[in-house]
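Engineer: Mind looking at a prediction? Sequence and model below.
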Amino acid sequence: MTEPTQLPARAPRVHREVTSFVRRSTRMRPVHQRAWERLRHAYVVEVPQRATSTSVAPGHALDLAAVFGREAPLVVEIGPGTGESLVAMAAGRPEVDVLAFEVYLPGVARAVHRLHETGVGNVRLLQTDAVDGLTHLLGPASVTELWTFFPDPWPKVKHHKRRLVDRAFADLVAERLRPGGHWRLATDWADYAEQMRTVLDAHPDLVSAASSVDGWADRHPDRPLTRFEQRGLDAGRTVRDLHYRRR
Ligand SMILES: C[S@@+](CC[C@H](N)C(=O)[O-])C[C@H]1O[C@@H](n2cnc3c(N)ncnc32)[C@H](O)[C@@H]1O
């Protein structure tokens, strides 16, 4: 097996507010590093940063028509990991543009490799904190559909403050969704699923689009089974899908 290689960090390490992620290794397999070096300019959007490498400096809203080379409904994925569901779902909907925020550099590199291998052309990635990205890069009512599949569960109670889906995040998403826009979520952690439902059911600008009698949504018809989801199933956890619409 070939040794993974280490990429230099893009910015110095600084202390910042609580985030839904922690800094992880940038080590990646040579095939993904080559994809990153050779192909990132085709798929990865670089934006001005504040102090950390995953932050966004205010005042640099994206010109989406320039980013995608066309105007089309915008779908946003938050935390695609290595792009397993991202690439499959984008491939099935060539009529939309998909913008994905992922902080984990080796994940972004693997997604770039996948996009190149599959020839899927309607996806652009940012190695950016989605909270900063949604706040500074996209305008109000700009998003047609937003995907949050298996956000980091942070199972320990002392880490619950790191969970991405809370009221403040729901406020941000609701503002970015266009009226009638969809928010699709999934998690295999029962108490996080309950937390999501409590927060989103109570949100004045969101309405549940769940079709089942128990209030949980049907699985997104295009969402493939990922390695991450399989791990949850193997551990005996139940996967919950949630579906809300912007009023
Ligand atoms: C548990 S993984 C799930 C990956 C993928 N959605 C799947 O189902 O296989 C969660 C991902 O979210 C990313 N993430 C966490 N917080 C984020 C944030 N604020 N902005 C962008 N990505 C984030 C993590 O780096 C990680 O890759």
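Structural biologist: Perfect, thanks for sending it. Predicted model, so just to flag it, every value in this text is computed and none were measured. Residues are numbered from 1 along each chain as shown.

Engineer: near the ligand at all, the helix or strand hosting Y244?
Structural biologist: According to DSSP states H and E, Y244 maps onto strand 240-246. No. In terms of Cβ under 6 Å from any ligand atom, no part of strand 240-246 sits within range of the ligand; the closest distance is 12.0 Å. All C-beta atoms are positioned from the backbone trio N, CA, C, and that covers glycine.

Engineer: export that strand as CSV, just CAs?
Structural biologist: The C-alpha trace of strand 240-246 is given here as CSV (Å, rounded to 0.1, in the frame of the first residue of the first chain):
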residue,chain,number,x,y,z
ARG,A,240,-34.6,9.0,10.2
ASP,A,241,-35.3,11.3,7.2
LEU,A,242,-36.8,14.7,7.7
HIS,A,243,-38.3,17.0,5.1
TYR,A,244,-39.4,20.6,5.6
ARG,A,245,-40.5,23.3,3.2
ARG,A,246,-40.0,27.1,3.5
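
Engineer: what helices or strands is that strand leaning on?
Structural biologist: Judged by 3 or more Cβ pairs under 8 Å, 6 or more residues apart in numbering; DSSP states H and E, the packing partners of strand 240-246 are strand 177-187, helix 190-201, strand 206-208.

Engineer: and that strand, which residues are buried?
Structural biologist: By 16 or more other Cβ atoms under 10 Å, the buried positions in strand 240-246 come out as R240, D241, L242, H243, Y244, R245, R246.

Engineer: tell me the average confidence for it?
Structural biologist: Mean pLDDT, taken over the full extent of strand 240-246, equals 97.

Engineer: and what of stretch 28-37?
Structural biologist: In this model, stretch 28-37 has an average pLDDT of 94.

Engineer: And stretch 204-223, by the same measure?
Structural biologist: If you average the pLDDT over stretch 204-223, you get 92.

Engineer: How about stretch 67-80?
Structural biologist: Averaged across stretch 67-80, pLDDT comes to 98.

Engineer: same check, this time on stretch 86-93
Structural biologist: For stretch 86-93, mean pLDDT is 98.

Engineer: how far out from the middle of the chain is that stretch?
Structural biologist: Using Cα atoms, centre = their mean, to the nearest Å, we find the averaged C-alpha position of stretch 86-93 to lie 14 Å away from the chain's own average C-alpha position.

Engineer: and if you look at stretch 178-190?
Structural biologist: Between the mean C-alpha location of stretch 178-190 and the chain-wide mean there is a distance of 12 Å, by Cα atoms, centre = their mean.

Engineer: quick one on the thing from earlier: for the helices and strands packed on strand 240-246, which one sits closest to G232?
Structural biologist: Comparing those against G232 with Cβ to Cβ, the closest turns out to be strand 177-187 (8.5 Å).

Engineer: CA atoms only for that closest one, dumped as PDB, please.
Structural biologist: Included here for strand 177-187 are C-alpha records, laid out as PDB according to Å, rounded to 0.1, in the frame of the first residue of the first chain:
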ATOM      1  CA  LEU A 177     -34.400  29.000   1.100                       C
ATOM      2  CA  ARG A 178     -36.700  30.400  -1.500                       C
ATOM      3  CA  PRO A 179     -40.400  30.300  -0.600                       C
ATOM      4  CA  GLY A 180     -41.600  26.700  -1.200                       C
ATOM      5  CA  GLY A 181     -37.900  25.500  -1.100                       C
ATOM      6  CA  HIS A 182     -37.100  22.100   0.500                       C
ATOM      7  CA  TRP A 183     -34.800  21.100   3.400                       C
ATOM      8  CA  ARG A 184     -34.000  17.400   3.400                       C
ATOM      9  CA  LEU A 185     -32.100  15.900   6.400                       C
ATOM     10  CA  ALA A 186     -31.200  12.500   7.600                       C
ATOM     11  CA  THR A 187     -29.500  11.100  10.700                       C
END
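
Engineer: neighbouring strands for it, and are they parallel or not?
Structural biologist: Each strand that pairs with strand 177-187, with its direction, by DSSP bridges: strand 143-149 (parallel), strand 240-246 (antiparallel).

Engineer: Perfect, I'm done here.
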